[in-house]
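1. 3D model of this:
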Amino acid sequence: MSGMIAQYALYLIGLVLITAMLFELRSGKIPNWLTLVPFVVFIAVAVTVEDRSALLWQLMLAVAVFAVGLLLFAFVGFGAGAVKLMSGLALFVPVSEALTATAVFVASVFLTGFVVIQARKFIGNEESNWHVLRGKSTPMSVPLAMAGLGSFFVF
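-> Take a look at the predicted model:
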């Protein structure tokens, strides 16, 4: 049983990332309950695995990501939900893949921004049910999902 939670944790976090993306594209917000899921899963993994040594590094990475996220929230306009989701995601991105995941995230921010601007130009309108088509912000859950899913299943 102990390995089972850890074995499926990345799939669950991947599902969280996809769900967050859909919520944010539709409503412009990432629900608090959804940003809490990675932390709950991390605790479940920490309680059930035998070797917890790697988890300390993951925890330190998440704290560093949260600190950077607070700066992005304060000065760049990141949403609070994206900061929480990014911190929870850092609990699962392998430390060895952190720089690659960061590079994918940054590149995805620019790509997402470009795609969103084009979509708003061609199909966006103020009466759309989708926030992404009527809002002025870029959904950060999309680059977070690309970085997370890439580090889990591609890199």
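
2. pLDDT weak spots in this protein?
-> 1-3 (pLDDT under 70).

3. do that again at 50, thanks
-> 1 (pLDDT under 50).

4. downstream of the helix or strand where residue 114 lies, the next helix or strand is which one?
-> When elements are assigned from DSSP states H and E, residue 114 belongs to helix 98-123. Using DSSP H and E, the next helix or strand after helix 98-123 towards the C-terminus is helix 131-134.

5. buried stuff in that following helix?
-> 131-133 (16 or more other Cβ atoms under 10 Å). Any C-beta I mention is one placed from the backbone N, CA and C, and that applies to glycine too.

6. just the CA trace of the helix or strand that comes right after it, in PDB.
-> Next along the chain after helix 131-134, taking DSSP H and E as the criterion, comes helix 141-153. The C-alpha trace of helix 141-153 is given here as PDB (Å, rounded to 0.1, in the frame of the first residue of the first chain):
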ATOM      1  CA  SER A 141      -2.400  27.400 -15.200                       C
ATOM      2  CA  VAL A 142      -1.600  26.600 -18.800                       C
ATOM      3  CA  PRO A 143       2.200  27.100 -18.600                       C
ATOM      4  CA  LEU A 144       2.100  25.400 -15.100                       C
ATOM      5  CA  ALA A 145       0.400  22.400 -16.600                       C
ATOM      6  CA  MET A 146       2.900  22.300 -19.500                       C
ATOM      7  CA  ALA A 147       5.800  22.400 -17.100                       C
ATOM      8  CA  GLY A 148       4.400  19.900 -14.700                       C
ATOM      9  CA  LEU A 149       3.100  17.400 -17.200                       C
ATOM     10  CA  GLY A 150       6.400  17.700 -19.100                       C
ATOM     11  CA  SER A 151       8.500  17.100 -16.100                       C
ATOM     12  CA  PHE A 152       6.300  14.100 -15.000                       C
ATOM     13  CA  PHE A 153       5.900  12.300 -18.300                       C
END
